[in-house]
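**Q** Pasting the sequence and the predicted model now:
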2 protein chains.
Amino acid sequence: MTDARVAGVGLTHFGVHPERTSRDLFAEAGLAALDDAGVDREDVEAVHYGNFMGELSEHQGHQGPLAAEALGLDVPATRYESACASSGVALRQAVRDVRNGEADVVVVGGSERMNNLSTAESTEALAIAADDLYEVRAGMTFPGAYALMASAYFEAFGGSREDLAHIAVKNHANALGNDHAQYQREITVEDALDSPPVAEPLHLYDACPVTDGASAVVLVSEAYAAEHDVDADVAVTGTGQGGDNMALQDRDDMATSPAATDAAEEAYADAGVSPGDVDLAEVHDCFTIAEVLATESLGFFEHGEGVTAAREGVTTRDGDLPVNLSGGLKAKGHPVGATGTSQVAELTKLLRGDHVNSEHVADASTAVAHNAGGTVASAVVHVLEAVDDEEVGA
Amino acid sequence: MTDARVAGVGLTHFGVHPERTSRDLFAEAGLAALDDAGVDREDVEAVHYGNFMGELSEHQGHQGPLAAEALGLDVPATRYESACASSGVALRQAVRDVRNGEADVVVVGGSERMNNLSTAESTEALAIAADDLYEVRAGMTFPGAYALMASAYFEAFGGSREDLAHIAVKNHANALGNDHAQYQREITVEDALDSPPVAEPLHLYDACPVTDGASAVVLVSEAYAAEHDVDADVAVTGTGQGGDNMALQDRDDMATSPAATDAAEEAYADAGVSPGDVDLAEVHDCFTIAEVLATESLGFFEHGEGVTAAREGVTTRDGDLPVNLSGGLKAKGHPVGATGTSQVAELTKLLRGDHVNSEHVADASTAVAHNAGGTVASAVVHVLEAVDDEEVGA
């Protein structure tokens, strides 16, 4: 088995681009990734593509071939849909295929266009990530679902709106200078606390925005990197996926996310690392409470301690374990199908030292990406490790 | 590398079941497959699930966890969407994962519910498998697209409506006695020729119906089969996938399907067989002309000879190379996301000798499944081979 190496990454600006189609966004990110990789387009053997709501926002299914075509390719192309974890799931299969010798060069990424819809329409479209029969028809939307999870967490472990506000403030600060980020402005705890309620206890600044954008990653085998002298000093060394019941009502507990715990444990075992080895993480903070649940699922903190860690600054860029140095979904934005691979793109840049926040993690060698679907009925975790150049030829 | 063995298969009735949800249909097929396999549900490590239009027909995305939940599982579950090739693509990744030791037991399948929509709605929903910007907005629907392909074929190679009628007649005859088939009644060439035009040269009996249904296959590794004494005498020995430009206008030629040719060549090479080794096939006959294109892409006949072979009865159940002994999409029905794995389910039963049409292929050992998306912008081909029991223990 060979490592899957990240040879190149590409991102569009994440923001409000209602006039741009998903395929147009993906062309920009995918071609940027190929350019960054310095890989011949002719060498690409497959495209793995994540998208969530194209059927509703663009009246478009069967997006695999369109994603390949956007990059000028007619190779086998597969579209994965796992709600907000769509491109994370695509990445998992791409990693497995490269590792197992099924392909030497693949492009994996995702794209989403949402701002061509009204806010009511995009909220309704996002709701298809929940159980239509048993949740959505009862009026559930995602702010409400995560509000239930936040309430359950507070009841089980304690915590307050102010604790969550620290996460929003941190992620906005991290996004400053990240040219790809939707929001590049600082906010204060007071701003967050004073923002209008969406679904108590969550207010506006607890939520990620509605975002258009795309991301892509070029994965290559070790052998290909060596043979073609491709700079690929970040390896995906661990992959894990977990699943859970779809509806919150069918879970034993709303204050934890066992699917993410399962995914993390599998990914750590796969990489041969433990949570203590992790230097930085990008986690799925669709709402501030989701970052708390994620950092606990990843084993960084005990259940109930994630909120304390956030309040005490452990996860800030100068803390012991920086989380969401990109700005996270909260400030970088959340173009649903693009989020999973955007996390890996940001982590790769952080590990390579060419990210605006790289200086804060100069000695980092191990990173984790956590991508979740719905109320974490799906979760995908990947471990990335910086590889010593000399090892490449070994 | 281990073979991926088919341990069990399950199918619902294919037909008009507007009152049944996709998850309900999949539960029936998946549990039947597990029962047929005699595999403990606790041993299932992943669910790979194909669905095409759930967002439009059931306001439901994120269907992977729902598919797993329908089987009482909370394992990692991924939804693949590749238009009419959705579960074929899911199968490909499942086969690769089992072969490469990523899992010993997986369930792969698909489901589709369409008859809860009006005919106009389902026709429009099916159209999202074409290019929305450059085809659908110009008024294209799939009967029209395949009519263009049929016209191009007739112009390039000759052929007539009557030739195509033989395919409809054959597939209806094959469906007789197949309890899962939507249409279990014979038709004549005259019936087909006299049926109302849909898009010239295609008439009503050239088209598959709108179908609700589900299918599932349990794949196991050789080692698991041996250790647990699981009867798994059919192996998936070859897998191939091809891609093409999405829109017909961007193809060099509408009278051939190079994506299917690529998929077939890869699958044959993978299995170490040639088209001449194939004893029977299930191909993607969404329209009669599609069966012609498929049998040529699979290398059974030269380009332009598929229509002759159909006319001369080569592909009937008593011909040299029986095609669509299940009844095909034409008569068995085409619940889009379920079709790919339903082909493998039918072929498995045919090879095992427990299909109503098994007597016609008593000596068969090598079969091929051909599943296509859109106007064959995606294609997936799998080779199945009967395995001698004694080899299992070898």
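**A** It's in.
**Q** the strands in chain A, which residues?
**A** Taking DSSP state E as the criterion, chain A carries its strands at A:4-11, A:46-50, A:77-81, A:105-112, A:197-199, A:202-203, A:213-221, A:234-243, A:280-282, A:366-373, A:378-386.
**Q** so, in contact with chain B or not, the fourth one?
**A** In this case it means strand A:105-112. No - Strand A:105-112 lies apart from chain B when judged by C-beta under 8 Å from any C-beta of the partner chain; the minimum separation is 12.1 Å. Placement of C-beta: from N, CA and C, glycine included.
**Q** Now render the strands of chain A as CSV, adding mean pLDDT.
**A** Listed next are the strands of chain A as CSV, based on pLDDT from 0 to 100:
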stretch, mean pLDDT
strand A:4-11, 98
strand A:46-50, 98
strand A:77-81, 98
strand A:105-112, 98
strand A:197-199, 97
strand A:202-203, 98
strand A:213-221, 98
strand A:234-243, 98
strand A:280-282, 98
strand A:366-373, 98
strand A:378-386, 98
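**Q** Throw those strands into JSON lines and include mean neighbour count, thanks.
**A** JSON lines is the format used below for the strands of chain A (neighbours: other C-beta atoms under 10 Å in any protein chain shown):
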{"stretch": "strand A:4-11", "mean neighbour count": "27"}
{"stretch": "strand A:46-50", "mean neighbour count": "31"}
{"stretch": "strand A:77-81", "mean neighbour count": "32"}
{"stretch": "strand A:105-112", "mean neighbour count": "33"}
{"stretch": "strand A:197-199", "mean neighbour count": "17"}
{"stretch": "strand A:202-203", "mean neighbour count": "24"}
{"stretch": "strand A:213-221", "mean neighbour count": "32"}
{"stretch": "strand A:234-243", "mean neighbour count": "25"}
{"stretch": "strand A:280-282", "mean neighbour count": "27"}
{"stretch": "strand A:366-373", "mean neighbour count": "29"}
{"stretch": "strand A:378-386", "mean neighbour count": "28"}
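**Q** Single out the residue in the stretch 251-394 of chain A that lies closest to chain B.
**A** Proximity of the stretch 251-394 of chain A to chain B (C-beta to the nearest C-beta) peaks at A:Ala377, 4.0 Å away.
**Q** Surely that residue is in contact with A:Gly243?
**A** Yes - here A:Ala377 lies in contact with A:Gly243, judged by C-beta atoms under 8 Å, at a distance of 6.7 Å.
**Q** Need the overlap of contacts for the two.
**A** A:259, B:65 (C-beta atoms under 8 Å, 6 or more residues apart in numbering or on different chains).
**Q** Not counting its neighbours along the chain, what's nearest A:Gly109?
**A** Take A:Gly109 and drop its neighbours on the chain: the residue closest to it by C-beta to C-beta, 6 or more residues apart in numbering or on different chains is A:Ala216, 3.1 Å away.
**Q** Tell me which residues touch the residue most central in space within chain A, please.
**A** By C-alpha atoms, centre = their mean, chain A has its centre lying nearest to A:Gly340, at 3.3 Å. By C-beta under 8 Å, 6+ apart, the residues touching A:Gly340 are A:50, A:85-91, A:110, A:369, A:371, A:380.
**Q** Up against chain B, what does the stretch 251-394 of chain A have?
**A** Taking C-beta under 8 Å from any C-beta as the measure of proximity, the stretch 251-394 of chain A contacts chain B at A:259, A:262-263, A:373-374, A:377-378.
**Q** Of the residues you listed, just say which sits nearest to A:Thr315.
**A** Closest approach between these and A:Thr315, by C-beta to C-beta: A:Ala263, at 19.4 Å.
**Q** now, which of the residues of the stretch 251-394 of chain A next to chain B lie within helices?
**A** In helices, judged by DSSP state H, the following of those are found: A:259, A:262-263.
**Q** Just the buried ones from the residues you listed, in PyMOL syntax?
**A** To isolate the buried subset of these in PyMOL, counting by 16 or more other C-beta atoms under 10 Å in any protein chain shown, use the following:
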select buried, chain A and resi 259+262+263
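**Q** how far away is A:Val234 from chain B?
**A** The gap separating A:Val234 from chain B is 22 Å, by C-beta to the nearest C-beta, to the nearest Å.
**Q** for that residue, what are its contacts?
**A** Taking C-beta under 8 Å, 6+ apart, one finds A:5-6, A:347-348, A:351-352, A:384-387 in contact with A:Val234.
**Q** Can you lay out those residues as TSV showing distance to B:Arg96?
**A** TSV is the format used below for the contacts of A:Val234 (distance: C-beta to C-beta, whole Å):
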residue	distance to B:Arg96
A:Arg5	19
A:Val6	21
A:Leu347	26
A:Thr348	25
A:Leu351	28
A:Arg352	30
A:Leu384	23
A:Glu385	24
A:Ala386	28
A:Val387	25
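**Q** So A:Gly373 sits against B:His62, correct?
**A** Yes - the pair A:Gly373 / B:His62 is scored as a contact, 5.6 Å apart, by C-beta under 8 Å.
**Q** which residues are in contact with both of these two?
**A** Common contacts of A:Gly373 and B:His62 (C-beta under 8 Å, 6+ apart): A:82-83, A:129.
**Q** Is it possible to get JSON lines of these that adds pLDDT?
**A** As requested, the shared contacts of A:Gly373 and B:His62 are arranged in JSON lines below (pLDDT from 0 to 100):
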{"residue": "A:Ser82", "pLDDT": "98"}
{"residue": "A:Ala83", "pLDDT": "98"}
{"residue": "A:Ala129", "pLDDT": "97"}
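**Q** Would you state the helices of the stretch 151-300 of chain A in chain order?
**A** Using DSSP state H, counting those that start in this stretch, the helices of the stretch 151-300 of chain A run over A:161-175, A:189-194, A:222-227, A:258-271, A:288-297.
**Q** Pick the most deeply packed of those helices.
**A** Most buried of the helices of the stretch 151-300 of chain A by mean neighbour count (mean count of other C-beta atoms under 10 Å in any protein chain shown) is helix A:288-297; its value is a mean of 29.
**Q** Tell me the helices and strands packed up against that helix.
**A** Under the contact definition 3 or more C-beta pairs under 8 Å, 6 or more residues apart in numbering or on different chains; DSSP states H and E, helix A:288-297 sits against helix A:142-157, helix A:161-175, helix A:258-271, helix A:306-311, helix A:328-331, strand A:366-373.
**Q** got a list of what A:Leu66 touches?
**A** Here A:Leu66 is in contact with A:22-23, A:60, B:131, B:246 (C-beta under 8 Å, 6+ apart).
**Q** swap the cut-off to 10 Å and go again
**A** A:21-23, A:26-27, A:47, A:49, A:51, A:54, A:58, A:60, A:77, A:79, A:111, B:131-133, B:245-247, B:377 (C-beta atoms under 10 Å, 6 or more residues apart in numbering or on different chains).
**Q** and if you look at A:Gly61?
**A** With contact taken as C-beta under 10 Å, 6+ apart, A:Gly61 is in contact with A:51, A:54-55, A:79, A:81, B:52-53, B:55-56, B:81-83, B:86, B:125-130, B:132, B:336, B:373-374.
**Q** Next up, the contacts around whatever residue of the stretch 151-300 of chain A ends up closest to chain B.
**A** Scanning the stretch 151-300 of chain A for the residue nearest chain B gives A:Gln241, at 3.7 Å (criterion: C-beta to the nearest C-beta). Residues near A:Gln241 by C-beta under 10 Å, 6+ apart: A:82, A:85, A:88-89, A:92-93, A:259, A:262-263, A:266-267, A:371, A:378-382, B:46, B:64, B:75-78.
**Q** Just want to check the distance between it and A:Asp233.
**A** With distances taken as C-beta to C-beta, to the nearest Å, A:Gln241 is found 26 Å from A:Asp233.
**Q** Angles on the backbone of A:Gln182, please.
**A** phi -70, psi -40 (degrees, to the nearest 10).
**Q** Number of residues surrounding the closest residue to it other than its chain neighbours?
**A** By the measure of C-beta to C-beta, 6+ apart, the closest residue to A:Gln182 outside its immediate chain neighbours is A:Gly333, 3.4 Å from it. By other C-beta atoms under 10 Å in any protein chain shown, the residues close to A:Gly333 number 28.
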